[in-house]
Structures are given as structure tokens and as C-alpha cells.
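K.L.:
Got a predicted structure plus its sequence, pasted below:
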Amino acid sequence: TYLFLAVVVYLMNLLIGLLNNAIEEDNNRVSYLIQKAEILAEIELFYLLPHQRRWQTWFPEVIHYYANVDKTRIEIERLIKEGEWDNKEFTEMREKLLEQLQIKYNPIGNEVILEKVKRLEEKLNIELEKLLEIHAK
């Protein structure tokens, strides 16, 4: 029985190690930053006194970020291609960003609308094929 117990303990440790590796692979930088932002928001809301929330050294009016121009251009072009760039938030800032990165984008242009229609048509065709497969069974 001691051998059985030792084997079970060993296998549990092995399983925990494998799960730990799988979890580390899933935890990317984005999820880390989201969790960090949630914790900071909770601290600001529940653990700071009102006069502490007004301290300019802790909560400045403007925060400057550094972004690689090439990576930013690639990301914006990806967002435009996938149709995720068109939203009603920060319109002036997005226009200035497009201007600075020299990206030509016309949200009302026929090409953009045609691309969206093609993507929607592809999604509908895929869903239709799935439904036909289910119905055929």
C-alpha cells in the first residue's frame, strides 16, 4: 500500500507540473495586463481615500506611451482588414493616428464595404454548410 501511495503522489505531482506548464503557455502578456488593470481599478475605487485620488503625482492628466511605428501600422492595418477599426470611440485620436502613420483609410469607401460584405458572405456560407451537414445527418 505504501508503494501505491507513493505512485499516486508521484503521478499527482507530475500532473500538477504539466498543468502548470499549460497554464503558463496560456497566460500571455495581454491577460496579465488586463488582470493588473482590474486590480489597480479595485484599489483606486475601494482602498484610496478621496484626497489620495486627487494626487497629480499618482493620477496624472496625461500619460505618454511609446509604441513602435512599424508594429502599430501593422496592427492598425490588421484591425482595418478585420473590420474592427470602425467604432465610434476616440474618432479624433484615430484620425490623427492614421495621419501620422500615413495610412489611407476611407470608412465610407466602396472597397471597405465590399470587403465587409465578402467576409459576412463567407461566414454565412460556412454556417449554412454546417446547418446542411447537421440536417443531412
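P.N.:
Arrived safely, thanks for sending.

K.L.:
Which other helices and strands does the longest helix seen in the chain contact?
P.N.:
The longest helix of the chain (DSSP state H) is helix 110-136. Helices and strands touching helix 110-136, as assessed by 3 or more Cβ pairs under 8 Å, 6 or more residues apart in numbering; DSSP states H and E, are absent. The way it works is simple: take the backbone N, C-alpha and C, and place the C-beta from them, glycine included.

K.L.:
tell me the average confidence for that helix?
P.N.:
Mean pLDDT, helix 110-136: 82.

K.L.:
Relative to the whole chain's centre, how far out is that helix?
P.N.:
Mean C-alpha position of helix 110-136 versus that of the full chain (Cα atoms, centre = their mean, to the nearest Å) differs by 24 Å.

K.L.:
where exactly do the helices run in this protein?
P.N.:
Using DSSP H, the helices of the chain run over residues 2-26, 29-46, 50-53, 69-82, 91-100, 110-136.

K.L.:
For the fifth one, list the C-alpha coordinates in PDB.
P.N.:
It refers to helix 91-100. Taking C-alpha atoms only, helix 91-100 is exported to PDB below (Å, rounded to 0.1, in the frame of the first residue of the first chain):
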ATOM      1  CA  THR A  91     -12.600  59.300 -33.500                       C
ATOM      2  CA  GLU A  92     -10.300  62.400 -33.500                       C
ATOM      3  CA  MET A  93      -7.400  60.400 -32.000                       C
ATOM      4  CA  ARG A  94      -7.800  57.600 -34.500                       C
ATOM      5  CA  GLU A  95      -7.800  60.100 -37.400                       C
ATOM      6  CA  LYS A  96      -4.600  61.800 -36.100                       C
ATOM      7  CA  LEU A  97      -3.000  58.300 -35.700                       C
ATOM      8  CA  LEU A  98      -3.900  57.400 -39.300                       C
ATOM      9  CA  GLU A  99      -2.500  60.700 -40.500                       C
ATOM     10  CA  GLN A 100       0.800  60.300 -38.500                       C
END
